[in-house]
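Chemist: Have a look at this prediction, sequence included:
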Amino acid sequence: IVKKCLEMFAEIAENQEDYKKFYEQFSKNLKLGIHEDTANRSKVADLLRFNTSKSGDELISIKEYIARMKEGQKSIYYITGESKAAVATSPFLEGLKQRGYEVLYLVDPIDEYMVQQMKEYEGKKLVSCTKEGLDLDDTEEEKKQKEEEKARFEPLCKLMKDVLGDKVEKVVVSHRISESPCVLVTSEHGWTANMERIMKA
């Protein structure tokens, strides 16, 4: 039955207008499928649609996202949040936008659970831009520059950590922002701030 259903969904997806209506009604069920159906995860992933930093009001598939990726981009970047409006203005997007990278907007509460199960798609890792360890595919020259900056600002980072104490795990120089003075980043394997908000609700 599952196989037949997935085939039918794929057929509906061929017509954009029909699929839009279908997705409005059943997107949560598909995302739950990612969480629960390991055998068919890649097939279900093909059916997912998201707004992005470049798609406007249009929902796109992850396959379309990959087709639009910049040359040299290795990962699929995403941001989770309360609403499209909230994530669109997030300082976490500054560095990615500056480099011309597109970012998937995951704004449905179930997206947080779904993305924990879907670590990659077609061999490309899904990377949260609100967590530590964000790799922006730097050139050797950029890496060298970052190391120099890190060494230059180490005394300031140490002072800020001493002032903030246990309120933060560490203070580091970051290139994920270009206009904002600072951002609070969660650990790579910890909850995002959005997940904490959902759990408190």
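Modeler: Received the coordinates, thanks. Numbering: from 1, shown residues only.
Chemist: Flag every buried residue along the longest helix along the chain.
Modeler: Longest helix in the chain by number of residues, with DSSP state H as the criterion: helix 16-36. Neighbour-count burial for helix 16-36, counted by 16 or more other C-beta atoms under 10 Å, picks out Y19, F22, Y23, S27, L30, K31, G33, I34, H35. Every C-beta, even on glycine, is put in place using the N, C-alpha and C of the backbone.
Chemist: what's the distance between the nearest residue to I62 once chain neighbours are set aside and K167?
Modeler: Counting by C-beta to C-beta, 6 or more residues apart in numbering, I62 lies nearest to Y121, which is 5.0 Å off, once chain neighbours are set aside. Computed as C-beta to C-beta, to the nearest Å, the Y121 to K167 distance reads 36 Å.
Chemist: quick one: which of these two has more around it?
Modeler: Using other C-beta atoms under 10 Å, the more surrounded residue of Y121 and K167 is Y121, with 19 against 8.
Chemist: residues in contact with the more buried one?
Modeler: When contacts are counted by C-beta atoms under 8 Å, 6 or more residues apart in numbering, Y121 touches S42, A45, I62, I66, I76.
Chemist: Secondary structure element for the fourth one, which one?
Modeler: Element membership of I66, judged by DSSP states H and E, is helix 62-67.
Chemist: Need the residue closest to the centroid of this structure.
Modeler: Y78 (1.5 Å; C-alpha atoms, centre = their mean).
Chemist: For that residue, which three-state class applies?
Modeler: For Y78, the assignment made with DSSP: H, G, I helix; E, B strand; the rest coil gives strand.
Chemist: Could you say which helix or strand holds the closest residue to it other than its chain neighbours?
Modeler: The shortest distance from Y78 to any non-neighbouring residue, by C-beta to C-beta, 6+ apart, is to L104 (4.0 Å). Taking DSSP H and E as the criterion, L104 maps to strand 103-106.
Chemist: The following helix or strand past that strand to strand 76-80, inter-axis angle?
Modeler: Downstream of strand 103-106, the first helix or strand assigned by DSSP H and E is helix 109-117. For helix 109-117 against strand 76-80, the angle between stretch directions is 140 degrees (axes from the mean of the first three to the mean of the last three C-alpha atoms, to 10 degrees).
Chemist: Mind listing residues that contact helix 109-117?
Modeler: Against helix 109-117 from outside (C-beta under 8 Å, 6+ apart): 28, 31-32, 34-35, 38, 41, 78, 80, 106, 126, 128, 192, 194-195, 198.
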